[in-house]
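> Here is a sequence together with a model predicted from it:
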Amino acid sequence: MYETAVLIAGAGPTGLTLALDLARRGIAFRLIETAQTPFAGSRGKGIQPRTLEIFDALGVIDAILAAGAPYPKFRMHCGPFSLRAGSLATFKPPTKSVPYPNLWMVPQARTEAILRERLRALGGQVEFGKALAAFTQDAHRVVATLSTGEIVRADFLAGCDGGHSMVRKSLGLRLEGETIDEPPMLVADVEIEGLDRRDWHLWPLAKGGPIGLCPLPNTSLFQFTAKAQTAAAGIEGAVHKATGHRIQRVAWSSIYQPAARMVNRYRVGRVFLAGDAAHVHPPTGGQGLNTGVQDAYNLGWKFAHVARGGPDSLLDTYEAERLPIAAAVLGLSKRLLKTRSIRRGDATNQLALHYRTSPLSSGAACGSLHPGDRMPDARLDDGTRLFDHLRSGRAIEILTPAGPRILIRPDGYIAHIGATHFAEYAGAPTLRLRPRHN
């Protein structure tokens, strides 16, 4: 019987983020994935600013930025006429407090590959072709049986295994909510001849429903989107009929039914849910992958703290903090879908999401900062930036020469504002830094 601290089921962006966070903290884990090979499609291609900050802390931001590009402008095609319109995303220059202000496009398969590469560099790996077949739990451990017959005993189990989560179903939890009153959609990655890659092409009046072709950065592919019934007789025929262009290759395709659903519990004993296993989103607003990554980043440092002897009650704050976030994000995604708005920006960048009502947030506001808020980046006395130090995975205490201390959690949110020194997090020394005053 193999023993580990955390067994992670599912190696998509959520499971990979959790594994990376545990690996950099030296916490033992196993990361298993039912599929035999890595995911190959573009599905969750939009990476929000807050997720870019997490990827900075995990040491992959340079690779993510190199693999992607800003979102292109739309080009509307109506018969022989075409018109260039606005972009899905706003464009803002970086600032001292927000170094990554814009939505960034990276095909999901490439994002996952970058996370796997970083995990390997830290000594971890994805175990493909190993499904979670069954598990039991008691007050002290989870005992899991894998599809290979192997038995794994873990302190905790994290179900990051997607919308059809075996972990969620085994717990008897349901995704509550609604199926969006929209027809099933088809998404595919295609090579297509003669189409300008500078724009996201839309044929809003195509017979059977709108068709979109979005160029995927650093590839020869476009992401094709349409109602599934539009391409019922074949993607190639549907595209040629609507656009006059011919598809040379279909690299990947999938059909999905837009839905907005979530569970009412994130923790059952020693078992936790994260990502699509806990909440499924319509694609509007690019919230699904990003919310899952942030679930994992919230949970990782708490697992580490408990593994080092901290109180198990800290893990209760995972549900207390993340469940309301998922509910708010699902509401936003539904509103965007119903209004058909292409405007994004501050409403979807996830920088304003906070944990102000969390039991881990204490003290008083300091200017615009509140306990529970995301801590903005800042220049420090030694010339470094605050975000440079967040890569350590430790809590950080900002010492101001006049005014309150600010204690920042290992995940970059403010735990405490006040004059009294607060408890340390994650079983590691708290870094004490001084901001630069110009």
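Received, thanks. Numbering: from 1, shown residues only.
> quick one, helices of the protein?
13-24, 49-57, 61-67, 108-121, 166-170, 235-243, 288-307, 316-339, 386-390 (DSSP state H).
> Find the residue ranges of the stretch 201-350 of the chain scoring beneath the pLDDT cut-off.
For the stretch 201-350 of the chain, the stretches flagged by pLDDT under 70 are 284-286, 334, 337-345.
> okay, the helices of the chain in JSON lines with distance to Met185 and mean neighbour count next?
Heads up, the C-betas are built off the backbone N, CA and C, glycines and all. Formatted as JSON lines, the helices of the chain follow (distance: least, Cβ to Cβ, whole Å; neighbours: other Cβ atoms under 10 Å):
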{"stretch": "helix 13-24", "distance to Met185": "20", "mean neighbour count": "27"}
{"stretch": "helix 49-57", "distance to Met185": "23", "mean neighbour count": "24"}
{"stretch": "helix 61-67", "distance to Met185": "25", "mean neighbour count": "17"}
{"stretch": "helix 108-121", "distance to Met185": "16", "mean neighbour count": "19"}
{"stretch": "helix 166-170", "distance to Met185": "23", "mean neighbour count": "20"}
{"stretch": "helix 235-243", "distance to Met185": "13", "mean neighbour count": "18"}
{"stretch": "helix 288-307", "distance to Met185": "14", "mean neighbour count": "26"}
{"stretch": "helix 316-339", "distance to Met185": "11", "mean neighbour count": "18"}
{"stretch": "helix 386-390", "distance to Met185": "37", "mean neighbour count": "19"}
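> can you list those in JSON lines and add distance to Gly209?
Below are these laid out as JSON lines (distance: least, Cβ to Cβ, whole Å):
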{"stretch": "helix 13-24", "distance to Gly209": "29"}
{"stretch": "helix 49-57", "distance to Gly209": "30"}
{"stretch": "helix 61-67", "distance to Gly209": "31"}
{"stretch": "helix 108-121", "distance to Gly209": "24"}
{"stretch": "helix 166-170", "distance to Gly209": "32"}
{"stretch": "helix 235-243", "distance to Gly209": "10"}
{"stretch": "helix 288-307", "distance to Gly209": "22"}
{"stretch": "helix 316-339", "distance to Gly209": "15"}
{"stretch": "helix 386-390", "distance to Gly209": "43"}
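> Would you mind saying which of the ones you listed lies nearest Ala352?
For Ala352, the closest of the helices of the chain is helix 49-57, at 8.9 Å, according to Cβ to Cβ.
> What average pLDDT does that closest one get?
For helix 49-57, mean pLDDT is 97.
> Which of the helices of the chain sits closest to Ala378?
Taking these one by one with Cβ to Cβ, helix 386-390 is closest: 4.6 Å.
> Would you mind putting the CA coordinates of that closest one into CSV?
Extracted C-alpha coordinates of helix 386-390, given in CSV (Å, rounded to 0.1, in the frame of the first residue of the first chain):
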residue,chain,number,x,y,z
LEU,A,386,6.3,42.0,-3.6
PHE,A,387,5.3,39.5,-6.3
ASP,A,388,8.9,38.3,-6.5
HIS,A,389,8.6,37.2,-2.8
LEU,A,390,5.3,35.5,-3.2
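> tell me the domain boundaries of this structure?
Following automatic domain parsing, one finds the domains of the chain at 2-68+106-179+260-339, 73-98+183-256, 354-438.
> possible to save those as a markdown table with distance to Thr348?
Shown next, in a markdown table, are these (distance: least, Cβ to Cβ, whole Å):
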| stretch | distance to Thr348 |
| --- | --- |
| domain 2-68+106-179+260-339 | 4 |
| domain 73-98+183-256 | 9 |
| domain 354-438 | 15 |
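> Tell me which of those domains sits most buried.
domain 2-68+106-179+260-339 (a mean of 20; mean count of other Cβ atoms under 10 Å).
> residues contacting the closest residue to Ala419 other than its chain neighbours?
Excluding the flanking residues, the one nearest Ala419 by Cβ to Cβ, 6 or more residues apart in numbering is Pro404, at 5.6 Å. Counting by Cβ atoms under 8 Å, 6 or more residues apart in numbering, Pro404 touches Gly363, Ala364, Cys366, Ile417, Gly418, Ala419.
> Could you rerun that using 6 Å?
Taking Cβ atoms under 6 Å, 6 or more residues apart in numbering as the criterion, Pro404 is in contact with Cys366, Ile417, Gly418, Ala419.
> tell me the phi and psi of Gly41?
phi -110, psi -180 (degrees, to the nearest 10).
> Could you report the separation of the closest residue to it other than its chain neighbours from Ser42?
Nearest non-adjacent residue to Gly41, counting by Cβ to Cβ, 6+ apart: Trp252, 3.9 Å away. According to Cβ to Cβ, to the nearest Å, Trp252 stands 7 Å off from Ser42.
> any shared contact partners between the two?
Asp189.
> Got phi/psi on the residue of the chain positioned farthest from its centre?
Here the chain reaches farthest from its C-alpha mean at Pro80, the gap being 39.7 Å by Cα atoms, centre = their mean. The phi and psi values for Pro80, taken as degrees, to the nearest 10, are phi -80, psi 0.
> What segments of the stretch 151-300 of the chain are strands?
151-159, 176-179, 185-192, 199-203, 211-215, 222-227, 247-256, 259-262, 267-268, 271-273, 279-280 (DSSP state E, counting those that start in this stretch).
> Relative to Ser333, which of the ones you listed is closest?
From those, taking Cβ to Cβ, the stretch that ends up closest is strand 259-262, at 6.2 Å.
> Mind giving me the packing neighbours of that closest one?
Applying 3 or more Cβ pairs under 6 Å, 6 or more residues apart in numbering; DSSP states H and E, one finds that strand 259-262 contacts strand 176-179, strand 279-280, helix 316-339.
> Quick check: Ala188 vs Ala347, distance?
28 Å.
> for Gly163, that is, sorry about that
Counting by Cβ to Cβ, the gap from Gly163 to Ala347 is 24 Å.
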